[in-house]
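Enquirer: Sequence plus the predicted model coming up.
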Amino acid sequence: MPWYSNLINSNQSTTEFMKEKFKSARFEIVEQHERDGTIVRESRFILEDKPLIISRVFIPMNNPLAFLQQVRDKNAPLGDIIRENKYNVQRRVLSRDRSSKRYTIDGDVRAEVWETYLG
């Protein structure tokens with residue numbers, strides 16, 4: 001059973017999951033740009049110089065300005081921004097397969113997330 005099987009089948013925050021399971025994993029933004037009213041962020045979680053998760057997040061510009069500024073600062077994973085600001089959100093899985101998941105974050109802030117799990 002792969003390390004990510006519980007993550008694929010849950011609505012838990014990926015950031016929270018990674019911090020619990022892989023305390024020494026680090027977050028890294030690969031690329032972030034704004035296009036057509038959306039912030040597009042590609043990031044990954046890395047453990048021992050190997051990527052464990054590659055994520056692409058689509059964040060609409062009609063989110064709260066404070067949230068958008070924190071995203072633009074490129075310092076933290078989306079899950080940390082949501083948790084630290086106590087945004088009330090729900091995650092809804094749209095699709096999943098053996099090694100990836102696509103879901104939405106809805107509530108005080110909104111985003112669509114595509115994750116691929118490696119290893």
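Expert: Yep, it's here.
Enquirer: got the contact list for the spatially most central residue of the chain?
Expert: Closest residue to the average C-alpha location of the chain: Leu78 at 5.3 Å, with CA atoms, centre = their mean. Contacts for Leu78 (CB atoms under 8 Å, 6 or more residues apart in numbering) come out as Thr15, Arg41, Val57, Ile59, Val71, Ile105, Ala111, Val113. No exception for glycine: its C-beta is placed from N, CA and C like everyone else's.
Enquirer: could you check the distance from it over to Arg102?
Expert: For Leu78, the distance to Arg102 equals 14 Å [CB to CB, to the nearest Å].
Enquirer: which residues in the protein form helices?
Expert: With helices called from DSSP state H, the chain shows them at 5-8, 14-21, 65-72, 78-84.
Enquirer: for those, which one ends up most surrounded?
Expert: Greatest average neighbour count among the helices of the chain goes to helix 78-84 (a mean of 19), per mean count of other CB atoms under 10 Å.
Enquirer: CA atoms of that one as PDB?
Expert: Output in PDB follows, covering the C-alpha atoms of helix 78-84 (Å, rounded to 0.1, in the frame of the first residue of the first chain):
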ATOM      1  CA  LEU A  78      -2.200  26.900   1.000                       C
ATOM      2  CA  GLY A  79      -3.100  24.700   4.000                       C
ATOM      3  CA  ASP A  80      -1.000  26.800   6.400                       C
ATOM      4  CA  ILE A  81      -2.500  30.000   5.100                       C
ATOM      5  CA  ILE A  82      -6.000  28.600   5.600                       C
ATOM      6  CA  ARG A  83      -5.300  27.200   9.100                       C
ATOM      7  CA  GLU A  84      -3.400  30.200  10.400                       C
END
